[in-house]
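Student: Return atomic coordinates for the entry below.
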Amino acid sequence: MRQLNLDQLRTLIAIVDLGTFSAAAKALHLAQPTVSLHISELESRLEAPLVVRGNRRITPTAAGAALVERGRKLLRDTDDAVEAVKRQAEGRTGRVRLGTSTGVLVDLLPQVLEALGAEHSGIDVEVSIRGSYEAMERLAAGTLDIGLVAIPQPPVRGIVVTPWCEQPMMAFVPPRWKAPKRVTPAWLAAQPLIFNEATTHMYRLTMEWFAEAGFAPRARIELNYDAAIRSLVAAGYGAALLPLQQSTDNVRGDRMRILPVSPKLTRRVGIAHRQHATLDGATLSVLKVLTMFRQA
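Tutor: Below is the predicted model of the structure:
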């Protein structure tokens, strides 16, 4: 037996609700012969009479009534499925996997997520802490949708990276240390240091800054968690070179000194994702909101 035809099922329900073929035809914007054909084909397919054709009003048979009852639910489920696909395609709902460093997560991302919640409450953003290298790998493998990564990045086929924001790198120094107003590589290299892990873009950026001045210092400890580095600086364990987090670092003056560096150093962050043509509506909506906060 062939599968049910939803248009024919909709016609049957309209006839039962309205009582006549002509009223159903008018409501469905169909010709009356088309309505009659829908019912005859449906009865033939199911091998059972579905309606009793009376003089004044059409009534369903027992089989017809059973089909109408289940048909209403089937059509509701179909409409719900169509609406769900539409919401997904239009970017009004869905799940987006976003990878970012801890620095961006603390400083900029909360503003983005707040704006996203106000505009697209049906989108669930699943945030994970990823280094730039790992984020690029996961984007290429399809296990991440968006990455906020340090730039520049080596090109990866199929992955687009666009500038998003710039953060000035600052020297974070324990409050009791005597330090110059502007911290130089020579002064900082002579201090106990806390670095990001050697696998990170931040580590390479830091070491290039020292190397251009002729220094290659070693750290007392290497971490990959900005908050932990700041806590160690506040405890007097060492100094660090980190991007300034405008939303939180401005209130830490009593716990550590945050000093400009000379020569200046800037950390640049980009938005990485696959080609637009391959992205679903939810991911495109998140990208649109991220672009609203672009500072680069």
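Student: make it CA atoms for all contacts and neighbour counts henceforth
Tutor: OK.
Student: so the residue nearest the centre of the chain bridges to which residues?
Tutor: When Cα atoms, centre = their mean is applied to the chain, the residue found nearest the centroid is Val96 (3.3 Å). On the basis of DSSP bridges, Val96 is bridged to Val125.
Student: quick one: it from Glu222, how far?
Tutor: According to Cα to Cα, to the nearest Å, Val96 and Glu222 sit 31 Å apart.
Student: for Glu212, same thing?
Tutor: Distance, Glu212 to Glu222, using Cα to Cα: 21 Å.
Student: So for these two, which sits in the more crowded spot?
Tutor: Using other Cα atoms under 10 Å, the more surrounded residue of Glu212 and Glu222 is Glu222, with 15 against 11.
Student: Past the helix or strand hosting Gln167, which element shows up next along the chain?
Tutor: Element membership of Gln167, judged by DSSP states H and E, is strand 159-173. Following strand 159-173 in sequence order, the next helix or strand is helix 185-189 (DSSP H and E).
Student: The strand or helix carrying Ala228 - contacts with which helices or strands?
Tutor: Per DSSP H and E, Ala228 falls inside helix 226-234. Helix 226-234 sits against helix 102-107, strand 159-173, strand 193-196, strand 239-243, with contacts defined as 3 or more Cα pairs under 8 Å, 6 or more residues apart in numbering; DSSP states H and E.
Student: Return the most buried member of these.
Tutor: Neighbour counts (mean count of other Cα atoms under 10 Å) averaged over each of the helices and strands packed on helix 226-234 peak at strand 239-243, with a mean of 26.
Student: mind listing the helices in the stretch 1-150 of the chain by residue range?
Tutor: Ranges of helices in the stretch 1-150 of the chain, per DSSP state H, counting those that start in this stretch, are 6-18, 21-28, 32-46, 62-89, 102-107, 109-119, 132-141.
Student: tell me the mean pLDDT for the fourth one?
Tutor: For helix 62-89, the per-residue pLDDT values average out at 84.
Student: Let me know the pLDDT of the residue nearest to the centre of the chain.
Tutor: For Val96, the predicted pLDDT is 91.
Student: which secondary structure elements does the strand holding Gln167 contact?
Tutor: Using 3+ Cα pairs under 8 Å, 6+ apart, the elements in contact with strand 159-173 are helix 132-141, helix 226-234, strand 239-243, strand 257-260, strand 266-274.
Student: redo that, cut-off 7 Å
Tutor: Applying 3 or more Cα pairs under 7 Å, 6 or more residues apart in numbering; DSSP states H and E, one finds that strand 159-173 makes contact with strand 239-243, strand 257-260, strand 266-274.
Student: any idea of the mean pLDDT for it?
Tutor: pLDDT averaged over strand 159-173 gives 94.
Student: what comes into contact with it?
Tutor: With contact meaning Cα atoms under 7 Å, 6 or more residues apart in numbering, strand 159-173 is reached by 140, 183, 233, 239-244, 256-261, 265-275, 294-296.
Student: Stretch 175-186: end-to-end distance?
Tutor: So stretch 175-186: terminal residues 20 Å apart, Cα to Cα.
Student: mind listing what's buried in that stretch?
Tutor: With burial defined by 16 or more other Cα atoms under 10 Å, the residues of stretch 175-186 counted as buried are Pro175, Val183, Thr184, Pro185.
Student: need the helix or strand of the chain with the lowest average pLDDT.
Tutor: Counting by mean pLDDT, DSSP states H and E, the chain has its least confident helix or strand at helix 246-249, which shows a mean of 64.
Student: Filter the contacts of strand 159-173 down to the buried ones.
Tutor: Among these, those classed as buried by 16+ other Cα under 10 Å are 140, 183, 233, 239-244, 256-261, 265, 267-274.
Student: Alright, calling it a day.
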